[in-house]
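A.B. asks: Fold the stuff below for me.
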Amino acid sequence: MTIRHIGESDNRRTKSTLVAISAVLEWRYDHLTNILQGEPEKNLPVVSPLEQHLEDLLRAEFAPVKEEVAGVRDIIRDIAMKIDLISGGGSVVDGAAGTAAGGDGVAVDGDAAR
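C.D. replies: Got it, this is the predicted structure:
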């Protein structure tokens with residue numbers, strides 16, 4: 001059998017040949033058959049309902065955690081600024097206290113309360 005004969009519909013071995021080629025290429029078993037029959041849209045990946053449900057759960061659980069982490073980061077930045085003021089610095093300077101705690105390194109004048 002040659003490549004030319006693979007597309008001929010009168011060949012009984014066509015389907016098994018296409019399945020074998022698809023397997024070697026690590027495609028779905030009916031990938032090439034779908035293309036030959038003019039139905040390439042059948043080759044699109046399908047997301048299972050379970051997979052979709054797990055993605056939705058992950059998003060629902062991850063969003064609140066992300067917000068909580070942002071809140072903790074703000075608290076740490078505020079604490080770092082207060083420590084800087086108490087230690088006599090008078091302002092947050094670019095460096096360890098401002099940027100390591102998630103701050104933007106911008107100098108703060110006046111009191112540390114927000």
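A.B. asks: give me the low-pLDDT residue ranges for the protein?
C.D. replies: Residues of the chain that meet the criterion pLDDT under 70 lie in 1-13, 89-114.
A.B. asks: per-domain residue ranges of it.
C.D. replies: Domain segmentation of the chain under automatic domain parsing yields 3-43, 49-100.
A.B. asks: For the ones you listed, please prepare a markdown table with the additional fields mean neighbour count.
C.D. replies: Backbone N, C-alpha and C define where each C-beta goes, glycine included. Listed next are these as a markdown table, based on neighbours: other Cβ atoms under 10 Å:
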| stretch | mean neighbour count |
| --- | --- |
| domain 3-43 | 13 |
| domain 49-100 | 12 |
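A.B. asks: all helices of this protein, in order?
C.D. replies: Listed from the start of the chain, the chain has helices (DSSP state H) covering 3-6, 14-24, 31-36, 49-86, 96-100.
A.B. asks: Ok, which of those comes nearest Lys42?
C.D. replies: Comparing those against Lys42 with Cβ to Cβ, the closest turns out to be helix 31-36 (4.4 Å).
A.B. asks: Mind giving me the packing neighbours of that closest one?
C.D. replies: In terms of contacts (3 or more Cβ pairs under 8 Å, 6 or more residues apart in numbering; DSSP states H and E), helix 31-36 is packed against helix 14-24.
A.B. asks: Pull the helix it packs on out as CSV, backbone CA atoms only.
C.D. replies: Provided in CSV are the C-alpha atoms of helix 14-24 (Å, rounded to 0.1, in the frame of the first residue of the first chain):
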residue,chain,number,x,y,z
THR,A,14,-7.9,2.2,4.7
LYS,A,15,-9.5,2.6,8.1
SER,A,16,-7.1,0.3,9.9
THR,A,17,-4.2,1.9,8.1
LEU,A,18,-5.4,5.4,9.2
VAL,A,19,-5.9,4.2,12.7
ALA,A,20,-2.4,2.8,12.8
ILE,A,21,-0.9,6.0,11.4
SER,A,22,-2.9,8.0,14.0
ALA,A,23,-1.6,5.7,16.8
VAL,A,24,2.0,6.2,15.7
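A.B. asks: Kind regards, and thank you for your time.
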